[in-house]
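Engineer: everything below, folded, please.
(2 chains)
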Number of protein chains: 2
Amino acid sequence: MDELTDRSAPRRGRPPDPTLRPRLLATARRLLAEGGLQALNADRLARAAGAGKSAVHRRWPDLLDLAADVVRTADLAKPAQGAAATVDDLAALAAGWSAPLSLPERAAASLVGAHRHHAALAEAFVGAVDTPLTELATTLLARRGPVDPARASRVAQVLRALLVGRLVRGPVSPAHADGLAREVLDPLLGRPGG
Amino acid sequence: MDELTDRSAPRRGRPPDPTLRPRLLATARRLLAEGGLQALNADRLARAAGAGKSAVHRRWPDLLDLAADVVRTADLAKPAQGAAATVDDLAALAAGWSAPLSLPERAAASLVGAHRHHAALAEAFVGAVDTPLTELATTLLARRGPVDPARASRVAQVLRALLVGRLVRGPVSPAHADGLAREVLDPLLGRPGG
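Structural biologist: Numbering: from 1, shown residues only, chains lettered A, B, ... in the order given. I've put the predicted structure just below:
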């Protein structure tokens, strides 16, 4: 069916190259990290990946969908995977905020404002940031006692603000991250059992 | 001298229209708020403002400089002008975080990621967000006692994260803003005199 609707499909009998999609995605990531959304166009992408333009259009008829895939695969909520309870655990969690941005993170960072105007991008950010951090907030609170939903939503919002702040303004110093864990996160979570 | 270097300058003897610059700026703000950076081009801007394209190029040879002017005039750190001391003052300050984004704020919000790749834009954000919030952090701490620079920088970073979070993800609920003032800002500032 693809071959009927897509004039640029590979010739019958020649299987599509399975390395092409990840290669195009990696190239898009690099173009975005280096030059932002304005640097992402099908011509440049195809040339840089050593592929045809039709290979791009076939996979992502709208390049913003490709940008959304870059967000989804940037592992943005990575420092959120622990489930800390003590203030030292929180400091270990916060240490991730002082790490330099990886290339996938820089690519996603350059898309932060643009998601206002593209539903697919906005949805990708919700899935990559909001959902995991909402889960993390609930997990952290549950370690200390019964979970109040209003407090969970506040904790999630602060975690999100700090994560987006790192994307947008770069990492903080290790001392800074430690201070944020002890002076912001810990009081916000409340006392164990309280 | 402008007339020598600028072929599109108004004819000798006809004064330039003083309303044109603010009109172009207001139009750029609207285009950015509605469609993001990709909607800002000289053709569309000139047409929408009822001006010639040369009027745009003469004032902003690079449209990113126009975008930087949009950031500078968006009054982003507006809720930061008070100088609160008690927790109720902080709640009043935080109430601004639940206000819907104005059109100038929405225009600036769509430029958040793009500033990574444009020095003029990045500088405009520093002037419109970092500088006033660093001053606010110092003012707030000074109301409670001697100012520790490390703590001031942490307070400024949290204020910045919350402000950028509002730009990027929209306003929080009033209850949320109140909770952030009481559970995040107040403990972060420390006790009066302490």
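Engineer: only C-alpha atoms for contact and neighbour calcs from this point on.
Structural biologist: Fine.
Engineer: what's around A:Gly170, how many residues?
Structural biologist: Neighbourhood size, A:Gly170 [other Cα atoms under 10 Å in any protein chain shown]: 18.
Engineer: is the longest helix seen in chain A up against chain B anywhere?
Structural biologist: Counting by DSSP state H, the longest helix found in chain A is helix A:149-169. Yes. Judged by Cα under 8 Å from any Cα of the partner chain, helix A:149-169 comes into contact with chain B at A:Ala150, A:Arg154, A:Val158, A:Arg160, A:Ala161, A:Leu162, A:Val164, A:Gly165, A:Val168.
Engineer: does anything pack onto that helix? Which helices or strands?
Structural biologist: Helix A:149-169 sits against helix A:103-109, helix A:131-142, helix A:186-189, helix B:149-169, helix B:174-180, with contacts defined as 3 or more Cα pairs under 8 Å, 6 or more residues apart in numbering or on different chains; DSSP states H and E.
Engineer: next, format the ones you listed as JSON lines and append mean pLDDT.
Structural biologist: Formatted as JSON lines, the helices and strands packed on helix A:149-169 follow (pLDDT from 0 to 100):
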{"stretch": "helix A:103-109", "mean pLDDT": "96"}
{"stretch": "helix A:131-142", "mean pLDDT": "90"}
{"stretch": "helix A:186-189", "mean pLDDT": "86"}
{"stretch": "helix B:149-169", "mean pLDDT": "89"}
{"stretch": "helix B:174-180", "mean pLDDT": "89"}
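Engineer: so which of those helices is the most surrounded?
Structural biologist: Most buried of these, by mean neighbour count (mean count of other Cα atoms under 10 Å in any protein chain shown): helix A:103-109, with a mean of 24.
Engineer: after the helix or strand hosting A:Ala33, which helix or strand is next?
Structural biologist: Here A:Ala33, judged by DSSP states H and E, is contained in helix A:20-35. As assigned by DSSP H and E, the chain's next helix or strand after helix A:20-35 is helix A:42-49.
Engineer: and that next one, anywhere near chain B?
Structural biologist: No. Shown here: helix A:42-49 not in contact with chain B (Cα under 8 Å from any Cα), separated by at least 15.6 Å.
Engineer: next structured bit after that helix?
Structural biologist: helix A:53-59.
Engineer: show the backbone phi and psi for the spatially most central residue of chain A.
Structural biologist: Nearest residue to the geometric centre of chain A (Cα atoms, centre = their mean): A:Leu76, 3.5 Å. When read as degrees, to the nearest 10, the backbone of A:Leu76 gives phi -70, psi -40.
Engineer: what does the model give it for pLDDT?
Structural biologist: Per-residue pLDDT puts A:Leu76 at 91.
Engineer: residues in contact with it?
Structural biologist: The contact partners of A:Leu76, by Cα atoms under 8 Å, 6 or more residues apart in numbering or on different chains, come to A:Glu105, A:Ala128, A:Val129.
Engineer: could you do A:Arg182 as well?
Structural biologist: Counting by Cα under 8 Å, 6+ apart, A:Arg182 has contacts A:Val87, A:Leu90, A:Ala91.
Engineer: could you redo the last one with a cut-off of 10 Å?
Structural biologist: By Cα atoms under 10 Å, 6 or more residues apart in numbering or on different chains, the contact set of A:Arg182 is A:Thr86, A:Val87, A:Asp88, A:Leu90, A:Ala91, A:Ala94, A:His176, A:Leu188, B:Leu188.
Engineer: so A:Arg58 versus A:Gly52, what's the distance?
Structural biologist: 10 Å (Cα to Cα, to the nearest Å).
Engineer: now do the longest helix of chain A against helix A:131-142, angle only.
Structural biologist: Comparing the axes of helix A:149-169 and helix A:131-142 via axes from the mean of the first three to the mean of the last three Cα atoms, to 10 degrees yields an angle of 130 degrees.
Engineer: nearest to A:Val172, of the helices and strands packed on helix A:149-169?
Structural biologist: Among the helices and strands packed on helix A:149-169, the nearest to A:Val172 by Cα to Cα is helix B:149-169 (8.8 Å).
Engineer: nearest residue to A:Arg191 other than its sequence neighbours?
Structural biologist: A:Arg144 (6.7 Å; Cα to Cα, 6 or more residues apart in numbering or on different chains).
Engineer: re the thing from before, closest to B:Arg47 out of the contacts of A:Arg182?
Structural biologist: Nearest to B:Arg47 among these is A:His176, at 48.3 Å by Cα to Cα.
Engineer: wait, the closest one touches B:Pro149, no?
Structural biologist: No. Using Cα atoms under 10 Å, A:His176 makes no contact with B:Pro149, being 11.4 Å away.
Engineer: show me chain A divided up by domain.
Structural biologist: A:2-61, A:78-189 (automatic domain parsing).
Engineer: in TSV, list these along with distance to B:Leu25.
Structural biologist: Below are the domains of chain A laid out as TSV (distance: least, Cα to Cα, whole Å):
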stretch	distance to B:Leu25
domain A:2-61	21
domain A:78-189	19
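Engineer: nearest to B:Pro15, out of those?
Structural biologist: Nearest of the domains of chain A (Cα to Cα): domain A:2-61, 36.7 Å.
Engineer: and that closest one, how far from the chain's centre?
Structural biologist: From the chain centre to the centre of domain A:2-61 is a distance of 21 Å (Cα atoms, centre = their mean, to the nearest Å).
Engineer: avg pLDDT for that domain?
Structural biologist: Rounded mean pLDDT across domain A:2-61 is 84.
Engineer: returning to what we had before: now for the helix holding A:Ala33, which elements pack on it?
Structural biologist: helix A:42-49, helix A:53-59, helix A:63-72, helix A:103-109 (3 or more Cα pairs under 10 Å, 6 or more residues apart in numbering or on different chains; DSSP states H and E).
Engineer: if you set the cut-off to 8 Å instead, what comes out?
Structural biologist: helix A:42-49, helix A:63-72, helix A:103-109.
Engineer: now do the contacts for A:Ala128.
Structural biologist: By Cα under 8 Å, 6+ apart, A:Ala128 lies in contact with A:Val71, A:Arg72, A:Asp75, A:Leu76, A:Ala77.
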